[in-house]
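Participant: structure for the following, please:
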Amino acid sequence: MAKRAGSADLPLHGGHVPRWLSDRMTKLGSVISEAIVQEYGRDELLRRLAHPFWFQSFGAVMGMDWHSSGITTSVLGALKRGLAPLSGELGIHVCGGKGRHSRLTPQELIGIGDRVGFDGMAMAKASRLVAKVDSAAIQDGFDLYLHGFIVTDDGSWVVIQQGMNEESHQARRYHWQSEGLKSFVDEPHAAIDGERQGEIVNLTDKRAEASRSGQLDMLADLGPDKIALEFAAIRAETAPPPSATDQMLLPHLIMPAHHDVRSSDVVTRRLHGALAAAADQGPVDFADLLLVPGVGARTVQALAMVAEVVHGAPYRFSDPARFSFAHGGKDRHPFPVPLRVYDHTIRVMTSAVQKAKLGEAEEMAALKRLDEQSRRLERIATGPSVEEMIADERERSASYAGRSVFGWE
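Facilitator: Numbering: from 1, shown residues only. This is a model prediction of the structure:
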């Protein structure tokens, strides 16, 4: 994976995740993580967590607000709760969190290191360095308030941390990955999420190597007091600002301010492909499951999107809004969370993962075929518009036990 994978705008949203959703996010997030580890290994799970587009889609398929900054906090919280009981089995540990929990990360890492055998002190140092780089070396107007550190028993790790800019009502998420990392201060990021807003002081840019060396030399020669006086004199001069073209340009995902899901937010042919695969392949691969009351076509539609989160290639996560069509959103966008569908999805995924552990891989293989069929059918599949699909889902919401922060449907 490239060190920098892109950027995205994340609107700041208030509120909290209700218990009825957070409990389900914990279950679904952990079983999806288990499925990825079983199929591709735990290093692949770390690579995906370091990918900002996949991360946003992961949160959307779990019923969080598809575009907001709250996905970061809720997904990391769900993984920390859900993977803790599985840490001995999977060898994956989630540390840190929001606010005071972020400051406890070094102690958590030292404790886990003592227990499983990696160098906890080195991990604690890495945690502090990552936070220091994003809070001091990169002065982009976003104040860090969340720091999550995911580490494996063999010492591989990913950091996901987020800052906020209260004036612009936006958040910026930073992704770090230990794989291929040679330096903490020479372009170390896997990705930075957020809108480009004017000039950014980025001392991790490879072009800033001379500046970093010069600052150390100047500190040794002049001392901090003399440097402060020189800086004040420089600021008094009215030198023109550097050109915007001097900044490093990165591809970025723009998460819009509007809360509702619109056709412009979704690659419709991919959504039609998932629906067609659920109708075509589902009755074949899930024949036994479809005999169970409640596990019908709607659940298979959700499973098609969950299967893509498990098996999909990175380029397929350019439209995170599409994954909100699996289980809706807590704020009723694109539609209320269909709890009956959500619970059946968790049950099917849990059954598939548990049977795979025992050597019975038929259900996991069926999920993979469902994803493969989605990709084949999207070339030819047609269907209703995004707006029509949302309207139909809302009309059926009560029958699916639809719920949002505003109550039951």
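Participant: where in the stretch 251-400 of the chain is pLDDT low?
Facilitator: 251-253, 292-294 (pLDDT under 70).
Participant: now the strands for it?
Facilitator: Along the stretch 251-400 of the chain, counting by DSSP state E, counting those that start in this stretch, strands occupy 252-254, 337-338.
Participant: how is this protein partitioned into domains?
Facilitator: 7-204, 207-239, 263-399 (automatic domain parsing).
Participant: list the contacts for residue 28?
Facilitator: 61-62, 78, 306, 342, 345-346, 349 (Cβ atoms under 8 Å, 6 or more residues apart in numbering). C-beta: built from backbone N, CA, C; applies to glycine.
Participant: and of the residues you listed, the nearest to residue 122?
Facilitator: Closest approach between those and residue 122, by Cβ to Cβ: residue 78, at 27.4 Å.
Participant: center of the chain - which residue?
Facilitator: For the chain, the residue nearest the mean C-alpha position is residue 55 (2.0 Å; Cα atoms, centre = their mean).
Participant: so it makes contact with residue 75?
Facilitator: Yes - judged on Cβ atoms under 8 Å, residue 55 makes contact with residue 75 at a distance of 6.9 Å.
Participant: residue ranges with poor pLDDT in the stretch 51-200 of the chain?
Facilitator: In the stretch 51-200 of the chain (pLDDT under 70), the answer is 136-139, 180-200.
Participant: and if we set it to 80?
Facilitator: 133-140, 179-200 (pLDDT under 80).
Participant: so residue 150, which of the three states?
Facilitator: strand (DSSP: H, G, I helix; E, B strand; the rest coil).
Participant: so what secondary structure elements neighbour the host helix or strand of residue 89?
Facilitator: Assigned by DSSP states H and E, residue 89 belongs to helix 87-90. In this structure, helix 87-90 makes packing contacts with helix 19-40, judged by 3 or more Cβ pairs under 8 Å, 6 or more residues apart in numbering; DSSP states H and E.
Participant: helices of the stretch 51-200 of the chain, start to end?
Facilitator: Secondary structure of the stretch 51-200 of the chain (DSSP state H, counting those that start in this stretch): helices at 52-61, 70-83, 87-90, 100-103, 105-116, 120-132.
Participant: between these, which one is nearest to residue 370?
Facilitator: Closest among these, once you apply Cβ to Cβ, is helix 52-61, at 14.1 Å.
Participant: so how far is that closest one off the chain centroid?
Facilitator: Offset of helix 52-61 from its chain centre (Cα atoms, centre = their mean, to the nearest Å): 5 Å.
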